[in-house]
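> sequence unavailable; structure follows:
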């Protein structure tokens, strides 16, 4: 009979496999970041800094297909951007409850650090909300998820998932060797609703 640790390993690996299906790589002509398929009809979420100031954006899916991408909306303050590619029936990610996160909850961040495709790093939530001292001086009132894990360049725009494999945040920055920050998924939904419409706010 498999041990509890073995069962946990298999469970987490299976969830990451599902997440990988909805993970994309975004090339901006000078570098690359990550993104997450939000709608099956080609709507993709990433960071604004991944696409800022660059033209000729391309999105590569996990199956190797590559598509030119257009920017639908971008918000530099939130560091969020919505892209569109001409594709349909794409695998999407399930959204979780970012408001339910607490310090100590286990999370994983997925992306393409230093070009390593679909790399995963894991850790715990340090804190959540709009009262985090480290970030409060930069942008008062903005909500964050502070993470104790090992993110690197190339994780930007990729998903942060909870123990159920559901999207709870979008990777956005690192402030130390093992401290990263993510944008809560409920902030992403508000961004999409205001920029595109209420239908876009629901992941499909």
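Looks like it came in fine. Because the structure is predicted, anything quoted here is derived from the model rather than measured.

> for residue 58, see how far away residue 84 is.
The gap separating residue 84 from residue 58 is 13 Å, by C-beta to C-beta, to the nearest Å. Glycine gets a C-beta too; all of them are placed from N, C-alpha and C.

> now do the SS call for the closest residue to residue 51 other than its chain neighbours.
Counting by C-beta to C-beta, 6 or more residues apart in numbering, residue 81 is the residue found nearest to residue 51 once chain neighbours are left out, at 5.2 Å. When the structure is split into helix, strand and coil by DSSP: H, G, I helix; E, B strand; the rest coil, residue 81 lands in strand.

> residues in contact with residue 81?
45, 46, 47, 48, 50, 51, 71, 73, 74, 75 (C-beta atoms under 8 Å, 6 or more residues apart in numbering).

> list the beta-bridge partners for it.
Going by DSSP bridges, residue 81 is paired in beta bridges with residue 46, residue 74.

> next SSE downstream of the helix or strand bottoming out on mean pLDDT in the chain?
None of the helices or strands of the chain scores lower by mean pLDDT, DSSP states H and E than helix 133-136, at a mean of 67. Tracing the chain C-terminally past helix 133-136 and defining elements by DSSP states H and E, one meets strand 144-148 next.

> what's the following helix or strand past that next one packed up against?
Proceeding N to C from strand 144-148, the next assigned helix or strand is strand 159-161, under DSSP H and E. In terms of contacts (3 or more C-beta pairs under 8 Å, 6 or more residues apart in numbering; DSSP states H and E), strand 159-161 is packed against helix 4-21, strand 106-111, strand 167-176.

> could you check the angle strand 144-148 makes with the last one?
Orientation of strand 167-176 against strand 144-148 (axes from the mean of the first three to the mean of the last three C-alpha atoms, to 10 degrees) gives an angle of 60 degrees.

> on contacts alone, who are the packing partners of strand 167-176?
Under the contact criterion of 3+ C-beta pairs under 8 Å, 6+ apart, the helices and strands touching strand 167-176 comprise strand 32-37, strand 106-111, strand 159-161, strand 179-184, helix 185-195.
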